[in-house]
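> Return a 3D structure for these sequence lines:
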Amino acid sequence: MQKQTDIAIIGAGHAGVEAALAAARMGLNTVLFTLSLDAIANMPCNPSIGGTAKGHLVYEIDALGGEMGRAADAVTLQSRTLNTGKGAAVRSKRVQADRLAYRSYMKNRVENTERLDVVQEEIVDIITENTENGKKISAVVTRLGDVWQVRAAVICAGTYLGGKIFVGSNTRESGPDGQLPADMLTSALIREGIEMRRFKTGTPQRIDSRSIDYSKLELQEGEKNPLPFCWSTDKEKYAALESVPCHIVYTSAATHSVIKENIHKSAMYGGMIHGIGPRYCPSIEDKIVRFADKERHQLFVEPTGVGTNEMYLQGFSTSMPADVQYEMLRTLPGFENAKIMRYAYAIEYDCADPTQLLPTLEFKNISGLYGAGQFNGTSGYEEAAAQGLVAGANAALKLLGKEPLVLSRASSYIGTLIDDLVTKGTNEPYRMMTSRSEFRLLLRQDNADFRLTPMGYACGLVGEDQWKQFEERRERVEREIKRLGETTVPPSEKVNSLLAEYESTPITTGAKLAELLRRPQIDLAALRKIDENAPALDRADLESVETAVKYEGYIKKQQEEAIRQKKLEDMLLPADVDYKQISGLRIEAAEKLNKIRPQSVGQASRISGVNPADISVLIIRFKDKRGN
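Numbers count the residues shown, from 1 in each chain. Okay, the predicted model is just below:
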């Protein structure tokens, strides 16, 4: 059958859902293809959203009009803020999510979005046509033989492409969670000139909660009065949610002994797995080998939902055989009689080299074809959702004839993520971390909306309700920052008593409220004891105000650095130049530049193998090619 739509989204995981919602909300007829309607936005691994740097991504997705934050708020079982003992730049929200409820929420959302159709079918081929500017996508083909004429397509295949499951020596073709794999699309992509590679990841066992002795585990409660991810979530209701506890357990010498004795049975160490795994989320056997000096490893026992007995054992990912999994598990305190409901497994899958993509996430060699999520070599729900949102939006913007959405490194972690992928590439599943950004103090959770909501509104992702609420919040915060900077308090017994209470030096002359707030010991809660004219602000506003004032000097320094970097980003490079013909460039640099095809001198400066001397050559050669 011949069918037609504007945009096809291939895969309905976290990337696919955000891509489909973005494209449809921007007015394009969109079809979301999935291997199973029951696996939309599935969490085959950790039942959580957020975490270090990942929480930043969720706030940014929400600020741009995406859905992940809203969904996470709706199904939160427990919320915690990580790194509270550190600076504001690295504090990250993480929630335990009800896995089934999250999936149900997203399924309902995509099914009830205008201009968005959901079809349970496997895409096995893509059709391109030649134009005077090269190839462009023209159709996608289903396993049942339907041909969908499209103007753009976004591949969000997750770990399904060529998926292969490993449990010891037992292997089978499979997607995550026992779903069907996607067997045929990889060969079609290779035929079209897309370079593919093989990565792997894994997941731990799911344990029957009734078989765990929690008295032997360390209790981990959620934080009190948490703030939500999403701008539209009722803050009071969210703060009052009943938190479901998690627990902590540690491996022991006995655990390590079992693993070492059976290491040859691991699919990874037995030589059966050839894909490259994530460095920052290794299997438990990999931890034992790589960190042999460690006497124990921390594991987290986390609920997967309120309507199930399944407990997730974070940190115990393995590809050991089933019998060894039981032997390992029962060395853990409290797990002596544990029952496994789902066995741990490793999974290999096909993905694309992301350096083939433009910063819009469009393939350089096929106009209208985009990639997002684990298909681009990343690891994690949040990284996937962020890419899906950008890819879906850019597919829509291209068809609408509008300027693309390209986020800079100074604007967001999403911009950092995409720039790392398309400029540097990755040799392993990429995971976002705060250390990857040189602008961490600018890219905080509390100011994600200030940085990105205007961009989302300009390109049609952010609706009028969100925009109105944002403008009101921006006005409140800016007004309060200004008031603190202009209000002077004279020395008095009340003021100095407060300062003494917080072990801060007393004042002998008048001081601005902002000056007092910048003292390490003083926060806004303390300051308000002497600030009689303080306006009523909610916790989110107070957090933004306090951080902006306290870190003002450091923020200005990073802003100045961002401005300097922007000058290089504005120095554009021609798309058709042969860098091997430019005198003064080293051979390695010319080869890397010809492969990546950077759009600016700034992007070129971040390519591995291109050094400062090479950048000087480019600046001199293309000094007149500046953007606006």
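
> for the stretch 51-200 of the chain, what spans make up the helices?
Taking DSSP state H, counting those that start in this stretch as the criterion, the stretch 51-200 of the chain contains helices spanning 54-63, 68-74, 99-111, 185-191.

> The stretch 201-350 of the chain now?
So, for the stretch 201-350 of the chain - with DSSP H, counting those that start in this stretch - the helices run 235-239, 253-261, 284-290, 322-329.

> Save the ones you listed as a markdown table, and put in distance to residue 228, mean neighbour count and mean pLDDT too.
C-beta coordinates here come from the backbone N, C-alpha and C atoms, glycine included. Below are the helices of the stretch 201-350 of the chain laid out as a markdown table (distance: least, C-beta to C-beta, whole Å; neighbours: other C-beta atoms under 10 Å; pLDDT from 0 to 100):
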| stretch | distance to residue 228 | mean neighbour count | mean pLDDT |
| --- | --- | --- | --- |
| helix 235-239 | 4 | 14 | 95 |
| helix 253-261 | 37 | 17 | 96 |
| helix 284-290 | 33 | 19 | 91 |
| helix 322-329 | 35 | 19 | 97 |
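
> Tabulate these (TSV), appending distance to residue 450.
As requested, those are exported to TSV (distance: least, C-beta to C-beta, whole Å):
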stretch	distance to residue 450
helix 235-239	18
helix 253-261	47
helix 284-290	39
helix 322-329	46
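
> right, so of these, which gets closest to residue 605?
helix 284-290 (32.7 Å; C-beta to C-beta).

> Alpha carbons of that closest one, in CSV - could you do that?
Output in CSV follows, covering the C-alpha atoms of helix 284-290 (Å, rounded to 0.1, in the frame of the first residue of the first chain):
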residue,chain,number,x,y,z
ILE,A,284,29.7,-6.2,38.0
GLU,A,285,32.3,-8.6,36.7
ASP,A,286,34.0,-5.7,34.9
LYS,A,287,34.1,-3.8,38.2
ILE,A,288,35.7,-6.7,40.0
VAL,A,289,38.4,-7.0,37.3
ARG,A,290,39.1,-3.3,36.8
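
> Now do it: distance to the chain's middle.
Computed by C-alpha atoms, centre = their mean, to the nearest Å, the separation of helix 284-290 from the middle of its chain amounts to 26 Å.

> For that helix, which outside residues touch it?
204, 251, 256, 259-260, 263, 266, 268-269, 277, 282, 294, 297, 315-320, 328 (C-beta atoms under 8 Å, 6 or more residues apart in numbering).

> Let's see that with 10 Å instead.
With contact meaning C-beta atoms under 10 Å, 6 or more residues apart in numbering, helix 284-290 is reached by 202, 204, 251, 255-260, 262-263, 265-269, 277-279, 282-283, 294, 297, 299, 313, 315-320, 324-325, 328, 344.

> what's around residue 349, how many residues?
Counted by other C-beta atoms under 10 Å, the residues lying close to residue 349 total 26.

> Setting aside sequence neighbours, what's the nearest residue to it?
Using C-beta to C-beta, 6 or more residues apart in numbering and skipping residues adjacent in sequence, the residue nearest residue 349 is residue 159, 4.1 Å away.

> mind checking how far that neighbour is from residue 195?
Going from residue 159 to residue 195 by C-beta to C-beta, to the nearest Å gives 18 Å.

> what's the closest of the helices of the stretch 201-350 of the chain to residue 191?
helix 284-290 (34.9 Å).

> Just confirm residue 449 contacts residue 541, I think it does.
No - using C-beta atoms under 10 Å, residue 449 makes no contact with residue 541, being 11.2 Å away.

> more crowded one of those two?
residue 449 (24 against 18).

> quick revisit: quick one, which of residue 159 and residue 195 is more surrounded?
Neighbours were tallied for residue 159 and for residue 195 using other C-beta under 10 Å; the higher tally belongs to residue 159 (31 against 11).

> just checking, the more buried one touches residue 176?
Yes - applying C-beta under 10 Å, one finds residue 159 in contact with residue 176, separated by 5.4 Å.

> so who does residue 53 touch?
82, 90, 92, 380, 382-383, 413, 416-417, 431-437, 440, 443, 445.

> 7 Å - rerun?
Counting by C-beta atoms under 7 Å, 6 or more residues apart in numbering, residue 53 touches 92, 413, 432, 433, 434.
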